[in-house]
Each structure stands twice: as structure tokens, then as C-alpha cells.
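Chemist: Okay, predicted coordinates and the sequence, questions at the end:
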Amino acid sequence: MPAGEDERKVKTEASRYFSTELLNWYLANKRDLPWRKNRDPYRVWVSEIMLQQTRVDTVIPYYERFMEKFPTAAALAEAPEPEVLKLWEGLGYYSRARNLQAGAREVLALYGGIVPDDKDKVAALRGVGPYTTGAIMSIAFNRPEPAVDGNVMRVLSRYFCLEEDIAKPATRVGIEKLAGSLIPEGSAGDFNQGLMELGALVCTPKSPGCLTCPVMMHCEGRMAGKEHILPIKSKAKPPRPETRLAALITGSGEHEGKLLVRQRPETGLLAQMWELPHVLAESGAAGSVKRRGRGKVVSAELEIAAAAAASESMPADQGGASLMERHAMQADYLTRALSSDEGLLVRPTGWWGETEHVFSHIVWNVQVFRAEFGFWQQLPELAPGTESELPTAAEAAAPYGEGVPRANYRWIGPEQMKELAFPNVFVRILRDYWHGLD
DNA sequence: CATTCGTGGTT
DNA sequence: TAACCAAGAAT
């Protein structure tokens, strides 16, 4: 018998063993999770979106609240967008919420609110990629489609001793073919969930529980003594540091006791969420003042003044300035930037505190300052194509009269936190601020 | 293909 | 404690 044929035979037996044992293990050991109550495709869909890059324990309360509020695709499709985002507050990766609702609207418009039992149609839904397509098709419809997530790549890398870098997209494609070939006839949903369940409960990233593993006997990674070095995964780039200067701006008169907040842009980081007004203070050194990016209107005059101040009090970025001096410089820069960028005139009254917030690719050091609201500058209208004639800082700072904010700003009290969706970094600051007033 | 998108738990 | 990483998709 040729060596190649023999190898294939061994592999086939190990594969059959794997599929059978894993399926039986899952049926006996599966967790009782809210999205396993039934196989409603919409419920499966919502759970899979929430579970993207997010732990089961974190998702559970969000899932319960979400399904109570939006029990069907039609209910989600017809909801106001801010309401959906608010229910997602704190869960992260907020574009998932928007994409999920966009998908629900597709399902309502194209399929009468019923998630179609059709791989291509499901895959075409907004926010549904290769993994989620396989998960919905297999779990909800029991179709024999692979659903390869991080768990599955880890489990199969170990079981078959695969040494490809699972951080590479091409590796996932290969593992999908393998995973698809392992699906037992008629049990796609249970098998795929079993694969992930094993990764979550036994074949964990560090210190895998080989002694209790249902497929330990034929695990090639373990037999090769490589269970601890598999899967191979190249390291991610470390997040870049950013210093953010934020303002707690208090109002007077009808806005007495309230704070000024604003809504973020439609796209990008924390899209459409609410936040304290803040500006980027570039360069790692917490106090340094430098040109801000993307053609933002910062006049040369202002930059020269700031740079002069910086070079005087902060020689060679060695932090020669005292903490108080640095805070004074930052408050000054923040005030000028809010004026120049937003037409928002405030009077800084002191440093309030700082906090660190880690995103996947950025680390924010947030320096928070208190300030009192002054007025909105009435900025001159700009004719199209005359961006190069934007006002200088001195002109922009000149009071043209009472104006209105350019972006979406609101005055809020503590009770209004329940209406708007804030990212956690600002939830913490605002909670501490209002708590400190008591 | 590499980067951009949050947050919190685990080791 | 710093690193790692979790039921990924869009660009």
C-alpha cells in the first residue's frame, strides 16, 4: 500500500473519530444559553453578531435586553436607530449594531421579515461575513456549512497539528474546507456549536484541558507535544498612544447644572455615539502641542504661539514643565482648538482629572478640564471651493455675534444619560463627575 | 492583504 | 502586570 494512501486512511479515521466524539460530547455537555432556547433564525443571527469578538458572559445580559425590545427582525427594522445603539452601549464594535439593523431592514423589505433559508441571501446581509453565514445556516437551518471562528481555528490547528499562521486570512479559508469535511450527516448545527464549545470550555488558548478532552486520543498536536505552542498566531501591532484633551463644560441660566455633550460623526471610531467635547493633542508626550491632522483649521499663528510656549516651558520634551504648567498649557490649547474647530467659546476653570482608555488600535490618555460655557461664534459662511480662505485663528476667535453650534450638541443632566449612547470612557467620566457633585 | 473597528476577562 | 485574546466584518 502506497504511503500516501495509508496516510489518507489514517487521516480519515481520525476525522471520523473526531466528528463522532465531538458531537456526542457536545450533546452531553452543552451550556444552557439564552440563544439556544430555540432555533429561530433571527435569534441565532442576533446572538452571532453580538458574540463577534465578545465573550459569552458579556453578551448574555445584552442579548436578553435586545430580544425583549426587538423580538423579531421586523421590530428591529422599524426601531429608531439611536434606540438600537443605546441598547448596544458598552458592548463595543458599535458598527455591529448599525449593520444588524440594516440587515433586519433588508430582511423586512426583501423577504417579508423572514430570514431566508438560503446561503447566498444570508451571506449578502449587512454585517454577515463568512463565519456568521455558516453559523446561521448550520445552527438555524442545519445546513452543512462550516462556521470557522477563533475557537475552531485553534481546535483544528491543534487536533490536526496545523502550523499555518491563523492571523492570516488565507488560513481561515483552508480551515473552512477542513471544517466542512468534518460535519456529520444531519448534525451540522450541533457539530459546529460543539467545535466552538470545545474551544471555549476545554481546548482553551492557554493551558488546554487535554485530560478531559473528548478527542484527546487522536489529537496530533498533543501527540506531538505541541498543544501549548498551537495555534501559530503572529502578533498584532501594539495600539498607538494618543492624548485627548476633554472639556466638562457647565452651563448657566436655563442650562444651569447641565453639561455640554456632542454626537460623533456618522462613520469611524465610535460612530454616532455621544461624548464630551475634546481635541487630539498629538505626539506621545502628554503636554506637547503640535499640528493636528487632516487639514483641520488650525492657524499658523496659533500654532506658532503654542509652539513657542511649548519650547519655552517644555525643553526637549523632557517634561521640564511642572504638572500645573502642563495643565495650564493643555487647557489653553483645548480652549483655542474648541474655538477654532467648533466655534465654541469657553472659559477653562481648571484641571479635573485623567483616565486611560484602551481601544483595539489606540490608547487614549484623556486629560479632563472644567470650563464654563461662553457662547457660540457666528462664523462667516464659506462659499464652496474657498476652503483656502478659511479665517485665521484671530478672525475666528473674534466674536461675530451669538451663533449656533455647527455639530450636534446638547445640554444634558445626569438623567439624560439614559437617553443617549456614550462609549464607556465618557460614561465613567460623566458618572464620576455627577457623583462628585453630591 | 493589512488596518480599522471596543471592551473586559484571564493569565 | 502586561500581554493576550474573545462565536469577525468592512474597507
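Modeler: Received the coordinates, thanks.
Chemist: State the number of residues packed around the residue of the stretch 51-200 of chain A found nearest DNA strand B.
Modeler: Closest contact between the stretch 51-200 of chain A and DNA strand B, by CB to the nearest atom of the strand, is at A:G92 (2.6 Å). Bear in mind the C-beta positions are built from the backbone N, C-alpha and C, glycine included. By other CB atoms under 10 Å, the residues close to A:G92 number 16.
Chemist: now do A:E220
Modeler: Residues lying near A:E220 (other CB under 10 Å) number 17.
Chemist: Now do the same contact list for A:Y63.
Modeler: By CB atoms under 8 Å, 6 or more residues apart in numbering, the contact list for A:Y63 reads A:34-35, A:46-47, A:50.
Chemist: make it 6 Å
Modeler: A:Y63 makes contact with A:34, A:47, A:50, according to CB atoms under 6 Å, 6 or more residues apart in numbering.
Chemist: mean confidence score for stretch A:420-438?
Modeler: What stretch A:420-438 shows for mean pLDDT is 93.
Chemist: quick one: it near DNA strand C?
Modeler: No. Using CB under 7 Å from any atom of the strand, stretch A:420-438 never reaches DNA strand C; the gap is at least 13.1 Å.
Chemist: returning to that earlier point: what separates the closest residue to the residue of the stretch 51-200 of chain A closest to DNA strand B other than its chain neighbours from DNA strand C, distance-wise?
Modeler: Distance criterion CB to CB, 6 or more residues apart in numbering; nearest residue to A:G92, sequence neighbours excluded, is A:T54 at 6.9 Å. Using CB to the nearest atom of the strand, to the nearest Å, we find A:T54 at a distance of 6 Å from DNA strand C.
Chemist: next one: A:G180
Modeler: A:G180 is 15 Å from DNA strand C, where distance means CB to the nearest atom of the strand.
Chemist: A strand includes that residue, no?
Modeler: No. Read with DSSP: H, G, I helix; E, B strand; the rest coil, A:G180 is helix and lies in no strand.
Chemist: Now do it: how many residues are near it, please.
Modeler: Look at A:G180: counted by other CB under 10 Å, it has 17 neighbours.
Chemist: show me the contacts for it.
Modeler: With contact set as CB under 6 Å, 6+ apart, A:G180 has these partners: A:P146.
Chemist: Quick check: it vs A:W88, distance?
Modeler: Distance, A:G180 to A:W88, by CB to CB, to the nearest Å: 32 Å.
Chemist: Check A:D149 too.
Modeler: To A:W88, A:D149 is 20 Å away according to CB to CB.
Chemist: For the closest residue to A:A170 other than its chain neighbours, give me the pLDDT.
Modeler: Excluding the flanking residues, the one nearest A:A170 by CB to CB, 6+ apart is A:E164, at 7.9 Å. Each residue has a pLDDT score; the one for A:E164 is 95.
Chemist: Kindly report the same for A:E5.
Modeler: Looking at A:E5, its pLDDT is 41.
Chemist: Check A:R406 too.
Modeler: So, for A:R406, pLDDT stands at 72.
Chemist: Now it. Nearest residue, chain neighbours left out?
Modeler: Using CB to CB, 6+ apart, the closest residue to A:R406 is A:G343 (6.0 Å).
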